[in-house]
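Participant: the following comprises the amino acid sequence and a computationally predicted model.
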Amino acid sequence: MAEESQKWVLMVTAQTPTNIAVIKYWGKRDETLILPVNDSISVTLDPEHLCTTTTVSVSPAFDQDRMWLNGKEISLSGGRFQSCLREIRSRATDVHDKEKGIKITKKDWEKLNVHIASYNNFPTAAGLASSAAGFACLVFALAKLMNANEDHSQLSAIARRGSGSACRSLYGGFVKWIMGKDEKGTDSLAVQLADEKHWDELVIVIAVVSSQQKETSSTTGMRDTVETSLLLQHRAKEVVPKRILKMEEAIKNHDFASFAQLACTDSNQFHAVCLDTCPPIFYMNDTSHRIISLVEKWNRAAGTPQVAYTFDAGPNAVLIARNRETAALLVQKLLFCFPPKSDADLNSFVLGDKSILKDAGVDSLEAIESLPAPPEIKDPSQRHRGDVSYFICTRPGRGPVVLSDESQFLLNPETGLPK
Ligand SMILES: Nc1ncnc2c1ncn2[C@@H]1O[C@H](COP(=O)(O)OP(=O)(O)OP(=O)(O)O)[C@@H](O)[C@H]1O
Ligand SMILES: C[C@@](O)(CCOP(=O)(O)OP(=O)(O)O)CC(=O)O
């Protein structure tokens, strides 16, 4: 190792996407190793709109491991952070930064401490999978810093120890988390089914119904479900294995009808399993149910699915439209039903890829007021103003990347402290 007196700081910054499951993970067979009771499949969301940025740094001047999340220092003492740090450290190899004259050997990593700063560009712990993007980014960035020469699947198995769904954020496009058979979990990892270019007509609209922290975390919720729900056992043994095969086929063949049917049914079964839990868990609310009803009626009237819906452990709807044209229609219908409060501004009500608004013919708040009533609505005089906090328009996106632009680093390159 270079002389301690030199007090050098070495750092890596990475950006990692979040993901939304279209065949859900719900239930663990091993709580500590985070091993699931079934396979799951997700779509990675474009990091341009939803992502985590994490800077990790190492220096002989650091006297302990420290982390800042969204600007506030948090404790790293939790078992999940400790597992990720331990697993990556054990795979660290020699690092030689010629430019800075820094040499770190495999052995040095055991003694060196790290500083970590992370920022989610979307609400944390609100059912938008911040833990997925967060742990994937942490593991990916640490692996780069420590020169752990593992492939993305092996890194996914480490990210899994932080949060199950995080393992799927190590890849872009369409991703499967294979539950695996090994007791130690070595084969419980993510694989890419197809990259983000494979099915790039898809447009994703997220209706953020509530960005408040939820009442029952996924971890607690699924623990209660495993302990009390018989329906979960049926789901994991009989239903999901067949659905996974069908979903893989649907993705491979760009078969939107099957994709939508499977995604919607699986989301509904996941929420049914939550209701079958004792005490029952309610993640969706009236707004979520209104959105389901709108999409179901539209899909039925069109004769073939136009939009798929899926809901994680919260009331927010993730809507996947078959193409841009359908997405523009979807945005019109949603804005009619859930217009913003009168003091809102359009720019902060529709986030992400705002070009969809143009396709939908909406360029102002006044344009929202004069949208035509969707035929799926029984009573067009009833608009649910303010029930959706905001919308995010996005698409399937790429996997983790290393950022080289220093202006995006979250830690000061000289001190290793938050900027
Ligand atoms: N950028 C990050 N880096 C590391 N850990 C993070 C990051 N963001 C979130 N986390 C961890 O994830 C926790 C939130 O996870 P939780 O499962 O409650 O919510 P969520 O992931 O936003 O929602 P859901 O998983 O239901 O979609 C945080 O308390 C923190 O421990
Ligand atoms: C409903 C889900 O989003 C559940 C995600 O659960 P987490 O991955 O957040 O749970 P832990 O493994 O306990 O951290 C479905 C999914 O993403 O597959």
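Facilitator: Sure thing, it's come through. Ligands and ions are numbered 1, 2, ... in the order given.

Participant: helices of the stretch 101-250 of the chain, start to end?
Facilitator: Using DSSP state H, counting those that start in this stretch, the helices assigned to the stretch 101-250 of the chain run over residues 130-145, 152-159, 218-228, 230-234, 240-252.

Participant: mind checking the SS state of the closest residue to residue 185 other than its chain neighbours?
Facilitator: Leaving aside its sequence neighbours, residue 185 sits nearest to residue 33 (C-beta to C-beta, 6 or more residues apart in numbering; 4.3 Å). All C-beta atoms are positioned from the backbone trio N, CA, C, and that covers glycine. At residue 33 the chain is in coil, as set by DSSP: H, G, I helix; E, B strand; the rest coil.

Participant: returning to that earlier point: so which of the helices of the stretch 101-250 of the chain is nearest ligand 2?
Facilitator: The closest of the helices of the stretch 101-250 of the chain to ligand 2 is helix 218-228. By C-beta to the nearest ligand atom, the value is 3.5 Å.

Participant: so what's the gap between that closest one and the chain middle?
Facilitator: Distance of helix 218-228 from the chain centroid (C-alpha atoms, centre = their mean, to the nearest Å) equals 20 Å.

Participant: contacting residues around residue 161?
Facilitator: For residue 161, the contact set (C-beta atoms under 8 Å, 6 or more residues apart in numbering) comprises 33-34, 80, 83-84, 87.

Participant: and it, how far from residue 19?
Facilitator: Distance, residue 161 to residue 19, by C-beta to C-beta, to the nearest Å: 17 Å.

Participant: residue 151 too?
Facilitator: From residue 151 over to residue 19 (counting by C-beta to C-beta), the distance is 18 Å.

Participant: ok, now residue 221?
Facilitator: Look at residue 221 and residue 19: by C-beta to C-beta, they are 19 Å apart.

Participant: before we move on, back to that, doesn't residue 182 make contact with the residue nearest to residue 185?
Facilitator: No - using C-beta atoms under 8 Å, residue 33 makes no contact with residue 182, being 9.6 Å away.

Participant: can you pick out the residue with more neighbours from those two?
Facilitator: Neighbour totals were compared for residue 33 and residue 182, and residue 33 leads with 18 against 10 (other C-beta atoms under 10 Å).

Participant: once you drop chain neighbours, what's closest to residue 261?
Facilitator: Once flanking residues are discounted, residue 261 sits nearest to residue 305: 6.4 Å by C-beta to C-beta, 6+ apart.

Participant: go ahead and confirm that neighbour touches residue 257.
Facilitator: Yes - with contact defined as C-beta under 8 Å, residue 305 reaches residue 257; the gap is 5.3 Å.
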